[in-house]
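*Asks:* Predicted structure and sequence below. I'll ask about it afterward.
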Protein chains: 2
Amino acid sequence: MTALLAGVETGGTRCNLAIGTGPGDLRATESIPTTGPDETIGRITAVLAEHAPIAAIGIGAFGPVDVDPGSETWGRVGNTPKPGWRGADLAGRLAGELGGVPVGFDTDVNAAALGERRWGAGEGLDDLVYLTVGTGIGGGAVAGGRAVRGLGHPEMGHVPIPRDPARDPFRGSCPYHGDCLEGLASGTAMRARWGVGGEELPPEHDAWRLEAEYLAHGIAAIAYVLSPRRVILGGGVMRAPGLLELVRSELERRLAGYVDAPELVRPGLGDRAGVLGALALAEEALALSS
Amino acid sequence: MTALLAGVETGGTRCNLAIGTGPGDLRATESIPTTGPDETIGRITAVLAEHAPIAAIGIGAFGPVDVDPGSETWGRVGNTPKPGWRGADLAGRLAGELGGVPVGFDTDVNAAALGERRWGAGEGLDDLVYLTVGTGIGGGAVAGGRAVRGLGHPEMGHVPIPRDPARDPFRGSCPYHGDCLEGLASGTAMRARWGVGGEELPPEHDAWRLEAEYLAHGIAAIAYVLSPRRVILGGGVMRAPGLLELVRSELERRLAGYVDAPELVRPGLGDRAGVLGALALAEEALALSS
């Protein structure tokens, strides 16, 4: 019997769970609201208890989190404004409730990058990026076959990019940096700039050209720093008809032939990239422990 | 007897050679002019022949080069404007001349990152960046203990960064992108903007604040994508008194507390980072072959 694994994606509003050995063998999936840490962790462990024994758990968490295995606060939530969550020991408490099983821990977007590599649009690639463009913008990366972690974890939404104030007087919605990539191109930024959400802007609206230019700048920065073979673009904003194609042509224009553009593709796992990536983290943790 | 290794750094104007087992055990170092590929490769092999047998060779090459081990043109020079060098089979010819010894091949800046990690300012770190700010700007990276390669190799000098035309009307010196990081902050850009080279600009000149701001933008982009623990800053422009300190304070200001800043330090190997990095590549190639 193959050991069951648990994948947990903790998000700002909901937590998603998957129990099984992979997308083709899921014994259960659940989505629960993210409330305070005690209540949320209690609900997660209650679901997992129904499927005992669980051999390993993987957690893809909303940031900031401590992903440094050498750190005393590894597996904990960092400086989040979300009430009660700062310092919460996600990895320790969840693994502890399961009797101390191996635990893999990373950001939700690094998990998504690992999940897409394992079962989705990044299969077989050692060098790829997963970028989600939704309410915020986040990116995770695999380089040389491993999730990218270092001093902290990637925060690709916050790369500085050029803005021409004559063309776009909107000063950006990021509370830290104003007009960084997320401040200019997230769903939140679009709503603040245009007064309505992207889903209400018709395909011929100027908003989409500007959006594609900003995203192309961000992806160009990623390409010049990390040289991924493929960039997988998820998130609600990317569902806008024609946007992926616009981003592709803007990226080619901006790279100007200096380097080849990475392939830009949609997620193979759809909205399940994060939670299935958490399952891939569990698989990795189990392999490392045996 | 420890086997002798050869490190070769090929630069636009000169090639540097180091023969030995590490910086504390160098049997020979040489610098030869970079002319055409046949003449240059001939001179390099003549030097290496004096120290036979050589057990492995490492090459850190000026880009663009093909660093993909799965590619048919691995080890060759790419689309360089340098006469005669396009397509030159650097790795194949040098290893062939030495009787088919193991060969490590990477960009000069990835080699420098590996060299600093092995013997210099990055000792013991698995996640670091080497950024050189000279005539051009180039960056190499180690992530998870390995040099970063993917679709191609990092080209960190070309990250797009913000420029305020009201403050800096100079449109940038990069022939591909205009006002990318290299186009705004390289030694070439400084000379084009101010009419004199950085070495003639006094420390109180406005040029240095602007330079520090652009470099801080570039390093912020690197930090958000790759999260290195340390960024090692080499190259002629970085020798300007006070510049490193200015970049540090600009970087803190721009990250705005959202993530911790990577440490910014000078190279431990000085100008020898590239050639000693090539020696580290030789060491790695030998280890992988045995």
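*Replies:* On my side now, so go ahead. Numbering: from 1, shown residues only, chains lettered A, B, ... in the order given.
*Asks:* For the rest of this, base every contact and every neighbour count on C-alpha atoms.
*Replies:* OK.
*Asks:* Now do the contacts for A:Y224.
*Replies:* B:153-159 (C-alpha atoms under 8 Å, 6 or more residues apart in numbering or on different chains).
*Asks:* And for A:V8?
*Replies:* Applying C-alpha under 8 Å, 6+ apart, the residues contacting A:V8 are A:15-18, A:57-60, A:275, A:278-279.
*Asks:* between these, which is closest to A:A223?
*Replies:* A:G60 (23.9 Å; C-alpha to C-alpha).
*Asks:* Please report how far that closest one lies from A:P262.
*Replies:* 25 Å (C-alpha to C-alpha, to the nearest Å).
*Asks:* pretty sure A:T29 contacts A:G22?
*Replies:* No. Between A:T29 and A:G22 there is no contact, the gap being 11.5 Å when judged by C-alpha atoms under 8 Å.
*Asks:* Who has more neighbours out of the two?
*Replies:* Taking other C-alpha atoms under 10 Å in any protein chain shown, A:T29 and A:G22 do not tie; A:G22 has more neighbours (21 against 15).
*Asks:* check contacts around A:F170.
*Replies:* A:184, A:193.
*Asks:* Where does the stretch 151-290 of chain A get nearest to chain B, which residue?
*Replies:* For the stretch 151-290 of chain A and chain B, the shortest gap (C-alpha to the nearest C-alpha) falls at A:P162, measuring 3.9 Å.
*Asks:* Any figure for the gap between A:V65 and chain B?
*Replies:* Counting by C-alpha to the nearest C-alpha, to the nearest Å, the separation of A:V65 from chain B is 11 Å.
*Asks:* Any stretches of chain A with poor pLDDT?
*Replies:* Along chain A, segments meeting pLDDT under 70 span A:1.
*Asks:* Name the residue closest to the centre of it, please.
*Replies:* With distances taken as C-alpha atoms, centre = their mean, A:V109 lies nearest the centre of chain A, 2.0 Å away.
*Asks:* and that residue, what is it in contact with?
*Replies:* By C-alpha under 8 Å, 6+ apart, A:V109 lies in contact with A:60, A:130-132, A:138-141, A:274.
*Asks:* Just the buried positions in stretch A:134-147, please.
*Replies:* A:134-144, A:146-147 (16 or more other C-alpha atoms under 10 Å in any protein chain shown).
*Asks:* Kindly apply the preceding question to stretch A:100-115 instead.
*Replies:* Quick answer for stretch A:100-115 (16+ other C-alpha under 10 Å): A:101-115.
*Asks:* now the strands for the stretch 1-150 of chain A?
*Replies:* If DSSP state E, counting those that start in this stretch is used as the criterion, the strands of the stretch 1-150 of chain A fall at A:4-10, A:14-22, A:25-33, A:54-61, A:103-107, A:128-133, A:137-143, A:146-147.
*Asks:* what does the third one rub up against?
*Replies:* Contacts to strand A:25-33, defined as C-alpha under 8 Å, 6+ apart, come from residues A:13-20, A:40, A:43-44.
*Asks:* So which residues on the stretch 51-200 of chain A come close to chain B?
*Replies:* Counting by C-alpha under 8 Å from any C-alpha of the partner chain, the stretch 51-200 of chain A comes close to chain B at A:126-127, A:139, A:143-144, A:146, A:148-163, A:176-177.
*Asks:* Would you enumerate the residues in contact with A:I219?
*Replies:* A:L251.
*Asks:* Surely it is within a helix?
*Replies:* Yes. The assignment for A:I219 is a helix, going by DSSP: H, G, I helix; E, B strand; the rest coil.
*Asks:* which stretches of the stretch 51-200 of chain A form helices?
*Replies:* A:90-97, A:108-119, A:181-185, A:187-194 (DSSP state H, counting those that start in this stretch).
*Asks:* For the nearest residue to A:L269 once chain neighbours are set aside, list the residues it contacts.
*Replies:* Spatially, and ignoring its direct neighbours in sequence, A:L269 is nearest to A:G120 (5.4 Å; C-alpha to C-alpha, 6 or more residues apart in numbering or on different chains). A:G120 sits next to A:267-269, A:273 when contact means C-alpha under 8 Å, 6+ apart.
*Asks:* By neighbour count, which of those residues wins?
*Replies:* A:A273 leads the contacts of A:G120 on contacts (other C-alpha under 10 Å) with 28 neighbours.
*Asks:* Within the helices and strands, which one has that residue?
*Replies:* Element membership for A:A273, per DSSP states H and E: helix A:273-289.
*Asks:* Dump the C-alpha coordinates for that helix into CSV.
*Replies:* Presented in CSV, the C-alpha positions along helix A:273-289 are these (Å, rounded to 0.1, in the frame of the first residue of the first chain):
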residue,chain,number,x,y,z
ALA,A,273,-1.3,24.2,-8.5
GLY,A,274,-0.8,25.4,-4.9
VAL,A,275,-2.5,22.5,-3.1
LEU,A,276,-1.0,19.9,-5.4
GLY,A,277,2.3,21.6,-5.0
ALA,A,278,1.9,21.1,-1.3
LEU,A,279,1.4,17.4,-2.0
ALA,A,280,4.6,17.4,-4.0
LEU,A,281,6.3,19.0,-1.0
ALA,A,282,5.0,16.1,1.1
GLU,A,283,6.4,13.6,-1.4
GLU,A,284,9.8,15.4,-1.3
ALA,A,285,9.8,15.4,2.5
LEU,A,286,9.0,11.7,2.6
ALA,A,287,11.8,10.9,0.1
LEU,A,288,14.3,13.0,2.0
SER,A,289,13.4,11.3,5.3
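*Asks:* Show me which residues of that helix are buried.
*Replies:* A:273-286.
*Asks:* I'd like to know which elements that helix is packed against.
*Replies:* Under the contact definition 3 or more C-alpha pairs under 8 Å, 6 or more residues apart in numbering or on different chains; DSSP states H and E, helix A:273-289 sits against strand A:4-10, strand A:14-22, strand A:54-61, strand A:103-107, helix A:108-119.
*Asks:* Inside helices: which ones of the contacts of A:G120?
*Replies:* Counting by DSSP state H, these place A:A273 in helices.
*Asks:* Any chance of TSV for the contacts of A:G120, columns distance to B:G84?
*Replies:* Output for those, formatted as TSV (distance: C-alpha to C-alpha, whole Å):
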residue	distance to B:G84
A:P267	43
A:G268	44
A:L269	47
A:A273	47
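*Asks:* related to what we said a few turns ago, could you dump the buried residues of stretch A:134-147 to CSV with distance to B:E213?
*Replies:* As requested, the buried residues of stretch A:134-147 are exported to CSV (distance: C-alpha to C-alpha, whole Å):
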residue, distance to B:E213
A:G134, 30
A:T135, 29
A:G136, 26
A:I137, 24
A:G138, 24
A:G139, 25
A:G140, 26
A:A141, 27
A:V142, 29
A:A143, 29
A:G144, 31
A:R146, 32
A:A147, 30
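*Asks:* hmm, back to that, out of the helices of the stretch 51-200 of chain A, which is closest to B:E72?
*Replies:* Of the helices of the stretch 51-200 of chain A, nearest to B:E72 by C-alpha to C-alpha is helix A:108-119, at 24.3 Å.
*Asks:* Just the C-alphas of the closest one, formatted as CSV.
*Replies:* Output of helix A:108-119 as CSV, limited to C-alpha atoms (Å, rounded to 0.1, in the frame of the first residue of the first chain):
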residue,chain,number,x,y,z
ASP,A,108,2.3,28.9,-1.8
VAL,A,109,3.9,30.0,-5.1
ASN,A,110,7.1,27.9,-4.7
ALA,A,111,4.7,25.0,-4.0
ALA,A,112,2.8,25.8,-7.1
ALA,A,113,6.0,25.9,-9.1
LEU,A,114,7.0,22.4,-7.7
GLY,A,115,3.4,21.1,-8.3
GLU,A,116,3.4,22.3,-11.9
ARG,A,117,6.9,20.7,-12.4
ARG,A,118,5.7,17.4,-10.9
TRP,A,119,2.3,17.0,-12.6
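*Asks:* between it and strand A:4-10, how big is the angle?
*Replies:* Angle, helix A:108-119 to strand A:4-10, by axes from the mean of the first three to the mean of the last three C-alpha atoms, to 10 degrees: 140 degrees.
*Asks:* from the chain's centre, how far out does stretch A:43-58 sit?
*Replies:* 23 Å (C-alpha atoms, centre = their mean, to the nearest Å).
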